[in-house]
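[1] what follows is a predicted protein model with its sequence.
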Amino acid sequence: MKKLPFLLMAIVAMISCGNTYEARNIMLHDQLDSLNYALGIVNGAQIKMYYLTDSAKLDATVDEFAQALTDGYEGKIKEKTPVQMNGESIGQAAKMFESQGLAEREDWQYNGKLFMQGIVNGLKLDTTVMTNEVAREYFQQNYYNEKSEVKSKPIIAKCPSKVKTVALKTQIDSLNYALGYLNGYGMGTQLLAADEDGKQFKELVAAINTGIKSSAVNPQLKQMAQQIGKSIAEQEEQGLLGIEGVETRFELIRQGFVNGMKGYEEQLTMQQAGEYVQTTIDAKRYGDVKAEGERFLEENKTKPGIITTESGLQYEVLKMGKGKRPAATDKVRVHYHGTLIDGTVFDSSVERGEPISFGLNQVIAGWTEGVQLMPVGSKFRFFIPQELGYGSHEAGSIPPYSTLIFEVELLGIE
């Protein structure tokens, strides 16, 4: 289902440098090469999935994206104000409507005069023709309808500079005006809220007309590429993806984007790339946490009173009760106190002063196994390896791959 394009994304136009970026195999010499390349593959494949619907323009779009990515990374982007960016985005979207139909509906003829007048009337919050609420409701009601208009030659127009009352004679007239008004109203209430002298209004109108003249193949993707490239450069000093010590290798990232956007999977599929990225990043971010937990458990199992099960769960009996032992399908009532291996408390019913009840098949594997070992009235201390805990997932204040320590008192079976 299509999303309603009420407020169009900010887009910045740049002229393509004409480079040709081909999908191809590349040499990967080490783990960092593979990580950078796989990261590009994953993101490129997602862009292909969600944004590349026009196969006829695929090569041109990828060339434009790759060059814009490079420009963003190399700092060749001219910084623009929010007013300029939003204005150009509207103009570029309007240019797309000329060829693809209003709101990218082929059956809706684009009427630039009414769309642009709606923009201006919305910017000035003029409600003579239509209010924001009426425009939104009308557009929503009609957007998902079956084809109701036959597309004909679009009406091209620049953005005017004055409010004007217009006549809406047909459904498509009203749709053009309504979509323009919605976008204008949104910018008028946000971007121009403090525009007392009208300078920002004039700047916005000029930016819209600049956007209409854009020669970008896909302005939205171009803007996205520039921002991604800029973000990569900004993170470079602290490490790729913000991970200290992980070197950025931009050319490999860019080639990954190209291969992913073109669906080239001879060397690495999207699924393989995604799994590799996740595994490698986790290892670099949380490798120390995992290693510390493994060292702790290795030392802990040699201590007196510590029992290790086949799964790797370790436990210590603090008090042995005389009641019935629960089954995995039972609901139990317990008091517990949970810490990391450094003593940090992450959860405690004891500190809250209130026991908790839950099904034993609804908790982490270490609890499911361990509590079944306890007769009612017992108190055990469990040392739970990360694979029997939350594994690679972050759980509140518990970092991924954490070894967990729980003191558990089994109060009853419900």
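    Thanks, I have it. Quantities reported herein were computed from a predicted structural model and do not represent experimental measurements.
[2] mind checking what secondary structure the residue of the chain positioned farthest from its centre has?
    Relative to the mean C-alpha coordinate of the chain, counting by Cα atoms, centre = their mean, the farthest residue is residue 322 (52.0 Å). Secondary structure for residue 322, judged by DSSP: H, G, I helix; E, B strand; the rest coil, is coil.
[3] who touches it in this structure?
    375, 376, 377 (Cβ atoms under 8 Å, 6 or more residues apart in numbering). From N, CA and C alone the C-beta is placed, and that goes for glycine too.
[4] pretty sure the last one is touching residue 324, no?
    No: with contacts counted by Cβ atoms under 8 Å, residue 377 stays clear of residue 324, the gap being 9.7 Å.
[5] quick check: the residue farthest from the centre of the chain vs residue 378, distance?
    Using Cβ to Cβ, to the nearest Å, residue 322 is found at 9 Å from residue 378.
[6] looks to me like residue 33 is in a helix.
    Yes: counting by three-state DSSP, residue 33 falls inside a helix.
[7] contacts for the helix or strand containing residue 173, please.
    Residue 173 is part of helix 171-190, with elements assigned from DSSP states H and E. Outside helix 171-190, the residues within contact range by Cβ under 8 Å, 6+ apart are 5-8, 86, 90, 102-103, 108-111, 114-125, 129-130, 132, 134-136, 138-139, 142, 148-149, 166-168, 204.
[8] 7 Å instead, please
    For helix 171-190, the surrounding residues in contact (Cβ atoms under 7 Å, 6 or more residues apart in numbering) are 6-8, 86, 90, 102-103, 108-111, 114-125, 129-130, 132, 135-136, 138-139, 142, 148-149, 166, 168, 204.
[9] for this structure, give me the ranges with low pLDDT.
    The model of the chain has pLDDT under 70 over residues 1-19, 147-151.
[10] ranges for the helices of the chain?
    Remark: helices assigned in the chain by DSSP state H are 31-51, 58-73, 82-100, 112-123, 132-143, 171-190, 199-212, 219-235, 250-261, 270-300, 349-352, 365-371.
[11] quick one: closest of those helices to residue 400.
    Closest to residue 400 of the helices of the chain is helix 270-300 (Cβ to Cβ; 4.8 Å).
[12] so which bits of that closest one are buried?
    Residues of helix 270-300 classed as buried: 270, 273-274, 276-277, 280-282, 284-286, 289-290, 292-293, 296-297, 300 (neighbour count, 16 or more other Cβ atoms under 10 Å).
[13] re the thing from before, if I look at the residue farthest from the centre of the chain, how far off is residue 375?
    Taking Cβ to Cβ, one finds residue 322 at 6 Å from residue 375.
[14] hang on, the earlier thing: what angle do the helix holding residue 173 and helix 132-143 make?
    140 degrees (axes from the mean of the first three to the mean of the last three Cα atoms, to 10 degrees).
[15] got the buried residues for helix 171-190?
    Buried-residue list, helix 171-190, by 16+ other Cβ under 10 Å: 172-188.
[16] try stretch 359-377
    360, 364, 366, 367, 368, 369, 370, 371, 373, 374, 376.
[17] and which of those is nearest residue 396?
    Using Cβ to Cβ, these come closest to residue 396 at residue 364, 12.8 Å.
[18] for residue 163, give me its contacts.
    When contacts are counted by Cβ under 7 Å, 6+ apart, residue 163 touches 120, 121, 124, 126.
[19] and if we set it to 6 Å?
    121, 124, 126 (Cβ atoms under 6 Å, 6 or more residues apart in numbering).
[20] show me the beta-bridge partners of residue 348.
    residue 337 (DSSP bridges).
[21] can you count the residues close to it?
    Residues lying near residue 348 (other Cβ atoms under 10 Å) number 15.
[22] what of residue 136?
    Residue 136: 18 neighbours (other Cβ under 10 Å).
[23] off-centre distance for stretch 77-91?
    22 Å (Cα atoms, centre = their mean, to the nearest Å).
[24] what residues sit buried inside it?
    Buried, per 16+ other Cβ under 10 Å, within stretch 77-91: 77, 83, 84, 85, 86, 87, 88, 89, 90, 91.
[25] and those residues, which is closest to residue 241?
    Among the buried residues of stretch 77-91, and counting by Cβ to Cβ, the member closest to residue 241 is residue 77, at 21.1 Å.
[26] for the closest one, which non-adjacent residue is spatially closest?
    Nearest non-adjacent residue to residue 77, counting by Cβ to Cβ, 6 or more residues apart in numbering: residue 226, 5.2 Å away.
[27] my guess is residue 65 contacts residue 224. True?
    No: Residue 65 lies out of contact with residue 224 (Cβ atoms under 6 Å); the separation is 7.9 Å.
[28] neighbour-wise, which of those two wins?
    Neighbours were counted for residue 65 and for residue 224 using other Cβ under 10 Å; residue 65 has more, 29 against 21.
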